[in-house]
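Engineer: Predicted model follows, preceded by the sequence.
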Amino acid sequence: MCEGVVWAVCMSKEKGTVKEDVGEALLVEGLGLVGDAHAGFMHRQVSLLALEDIEKMQEKLPDLKAGSFAENITVKGFNTECLSVGDRLQVGEALLEVTQIGKECHSKCEIYRITGDCIMPKKGIFCAVIKGGKIKKGDRVKKLPTKDKINK
């Protein structure tokens, strides 16, 4: 289903560290999550990951939690496989556009070294902030119909 809820809103002050669930945050158009080390004027301003994918990895490493993969938004009940580059998502007050699915890991993270696997290269969803606003745990996440995409 291409609809779910925000399970966690995560950020960190430094790149390369696990993000902590802060419960709510402000997304700024063209920038990302205010206060997060990965915010910036690029195409990967915000990252999403499904809670269900994290739970599968917990079978190998039980201490994993929201933010362990450095994702900004952990979603629950949302099938991220329904997304394509260019799709738009309503997340709380904000509007996001999918810019990339998965990413190349140049150096294997600690999770990969322990479990032999990492989900971000296959499951990570990266977005640009099209319209800013507050997001918080419990907010609805919904893929917008294709006709709502704005041609650039």
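Structural biologist: Thanks, I have it. Numbers count the residues shown, from 1 in each chain.
Engineer: Quick one: name whatever helix or strand follows the lowest-mean-pLDDT helix or strand in the chain.
Structural biologist: Across the helices and strands of the chain, mean confidence by mean pLDDT, DSSP states H and E is lowest for helix 110-115: a mean of 59. Later in the chain than helix 110-115, the nearest helix or strand by DSSP states H and E is helix 120-123.
Engineer: and the longest helix for this protein?
Structural biologist: Scanning the chain for the helix with the most residues, using DSSP state H, yields helix 51-58.
Engineer: buried residues in that helix?
Structural biologist: Using 16 or more other C-beta atoms under 10 Å as the test for burial, helix 51-58 gives 51, 52, 53, 54, 57. Placement of C-beta: from N, CA and C, glycine included.
Engineer: residue contacts, the first one?
Structural biologist: Residue 51 makes contact with 7, 8, 66, 74, 75, 76, according to C-beta atoms under 8 Å, 6 or more residues apart in numbering.
Engineer: is the last one in a bridge, and if so with what?
Structural biologist: Meaning residue 76. residue 5 (DSSP bridges).
Engineer: OK, contacts around it?
Structural biologist: Contacts of residue 76 by C-beta under 8 Å, 6+ apart are 4, 5, 6, 7, 50, 51, 52.
Engineer: What of the fourth one?
Structural biologist: Taking C-beta under 8 Å, 6+ apart as the contact definition, residue 74 lies against 6, 7, 8, 10, 21, 48, 49, 50, 51, 54, 66, 67.
Engineer: Could you dump the residues you listed into TSV with pLDDT added?
Structural biologist: Compiled in TSV, these are given as follows (pLDDT from 0 to 100):
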residue	pLDDT
6	98
7	97
8	97
10	95
21	95
48	94
49	92
50	94
51	95
54	89
66	88
67	83
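Engineer: where does this protein dip in pLDDT?
Structural biologist: 1, 105-119, 121, 147-152 (pLDDT under 70).
Engineer: where do the strands sit along it?
Structural biologist: 3-11, 20-21, 24-28, 32-33, 46-50, 73-76, 88-91, 94-101, 125-131, 133-136, 140-143 (DSSP state E).
Engineer: I'd like these laid out as CSV, including distance to residue 61.
Structural biologist: Conversion of those to CSV gives the following (distance: least, C-beta to C-beta, whole Å):
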stretch, distance to residue 61
strand 3-11, 17
strand 20-21, 18
strand 24-28, 26
strand 32-33, 25
strand 46-50, 15
strand 73-76, 16
strand 88-91, 27
strand 94-101, 23
strand 125-131, 21
strand 133-136, 27
strand 140-143, 25
